[in-house]
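Colleague: Following is a predicted model, sequence given first.
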Amino acid sequence: MSDIDRPSTALPGAGAHVIPLRNGAPARKAIVDVVIVTAIFGVALTAGYITGATWLGIASVIFGVGASHVALRRRGLRWRDMGLGAPRRPLRIMGLAILATIGLVVISVVSNAVLNAVFGAQPDLSAFEELPGNTVFLAQLLIISWTSAAFGEEMLFRGFLMNRLHQAFGGTRRAWIVSATVQAAIFGVGHIYQGPAGAISVTFIAMGLVAVYILSGCRLWVTIMAHGLFDTTGFVLFYLGAIPGA
């Protein structure tokens with residue numbers, strides 16, 4: 001497999017070389033990969049919403065990651081090419097993740113405040129209405145947060161979809177902006193159970209995770225840790241009744 005089919009990590013300002021596309025072949029392959037993986041993820045997620053089967057919502061990410069793995073192997077790519085290599089300098093990763101988590105909290109608070117001020121809407125958190133004081137429910141959510149959410153969603157969205165969308169949109173620096181926006185929108189729609197305001201807020205959070213991915217040098221370990229810490233912070237505060245409406 002030629003390097004021409006591999007995703008470039010040439011992000012705006014990164015100073016890396018953008019691999020040129022030839023005859024549009026890598027772009028077509030990337031489009032096929034994105035369509036298949038998104039369809040598998042979307043069908044499972046939609047089935048979960050329609051049937052009320054919560055496990056399908058969780059499984060949709062697992063199915064998506066599995067389909068992504070198959071797609072990458074077919075193209076001669078690995079998760080390391082998406083930014084998930086062996087973790088190095090774990091203390092630095094954790095430090096960056098903590099800083100990123102603070103940034104994500106700020107994004108969440110500001111976006112929710114703006115949505116409330118402009119549209120009078122807030123995310124629908126009724127799915128977690130039994131969480132305050134419920135230790136068993138908290139434990140379940142934390143397990144999901146660090147598996148399906150932190151690892152699964154970051155591998156699927158910031159790892160696979162963003163990189164393959166970048167290739168699909170031409171492999172240029174401008175394509176990073178488009179791919180980041182598209183994957184964030186898909187990520188937001190995937191959280192529509194929180195209502196329109198919740199989906200919009202989550203979309204902004206996804207863009208924040210894109211910034212973390214870029215600023216960390218396209219290393220998924222930082223976004224994985226930041227995602228897990230952000231979810232953990234929110235669920236613990238909700239459990240303690242510290243979030244309005246909890």
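Modeller: Structure's in. What do you need?

Colleague: what's the burial count for Thr135?
Modeller: Applying other Cβ atoms under 10 Å, we find 9 residues neighbouring Thr135. Any C-beta I mention is one placed from the backbone N, CA and C, and that applies to glycine too.

Colleague: next helix or strand past the top helix by length along the chain?
Modeller: The helix that spans the most residues within the chain, counting by DSSP state H, is helix 90-119. Moving toward the C-terminus from helix 90-119, the first helix or strand encountered (DSSP states H and E) is helix 135-144.

Colleague: Next, the buried residues of that following helix.
Modeller: Residues of helix 135-144 classed as buried: Phe137, Leu138, Leu141, Leu142, Ile144 (neighbour count, 16 or more other Cβ atoms under 10 Å).

Colleague: other SSEs contacting that helix?
Modeller: helix 220-239 (3 or more Cβ pairs under 8 Å, 6 or more residues apart in numbering; DSSP states H and E).

Colleague: So which other helices or strands are in contact with the longest helix of the chain?
Modeller: So helix 90-119, by 3+ Cβ pairs under 8 Å, 6+ apart, packs with helix 195-215, helix 220-239.

Colleague: Counting by contacts, list what the last one packs against.
Modeller: Yep, that's helix 220-239 we're talking about. helix 90-119, helix 135-144, helix 195-215.

Colleague: where are the low-confidence patches of this structure?
Modeller: 1-25, 244-246 (pLDDT under 70).

Colleague: rerun at 80
Modeller: 1-25, 243-246 (pLDDT under 80).

Colleague: that older thread, could you dump the buried residues of helix 135-144 into CSV with distance to Thr203 added?
Modeller: Formatted as CSV, the buried residues of helix 135-144 follow (distance: Cβ to Cβ, whole Å):
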residue, distance to Thr203
Phe137, 26
Leu138, 26
Leu141, 21
Leu142, 24
Ile144, 20
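
Colleague: which one among the residues you listed gets closest to Leu84?
Modeller: Nearest to Leu84 among those is Ile144, at 19.7 Å by Cβ to Cβ.

Colleague: Verify the stated contact: the closest one with Ile58.
Modeller: Yes - using Cβ atoms under 8 Å, Ile144 is in contact with Ile58, at 6.2 Å.

Colleague: what inclination does the longest helix of the chain have with respect to helix 195-215?
Modeller: Relative orientation of helix 90-119 and helix 195-215, computed by axes from the mean of the first three to the mean of the last three Cα atoms, to 10 degrees: 150 degrees.

Colleague: Next, the angle helix 220-239 makes with helix 90-119.
Modeller: 50 degrees.

Colleague: Same list (the helices and strands packed on helix 220-239) but as CSV, adding distance to Asp33.
Modeller: Converted to CSV, these look like this (distance: least, Cβ to Cβ, whole Å):
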stretch, distance to Asp33
helix 90-119, 28
helix 135-144, 26
helix 195-215, 19
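
Colleague: Point out the most buried one among the ones you listed.
Modeller: helix 195-215 (a mean of 21; mean count of other Cβ atoms under 10 Å).

Colleague: before we move on, what SS does the residue nearest to Gly234 when sequence neighbours are not counted have?
Modeller: Leaving aside its sequence neighbours, Gly234 sits nearest to Ile243 (Cβ to Cβ, 6 or more residues apart in numbering; 7.4 Å). Assigned with DSSP: H, G, I helix; E, B strand; the rest coil, Ile243 falls in the coil class.
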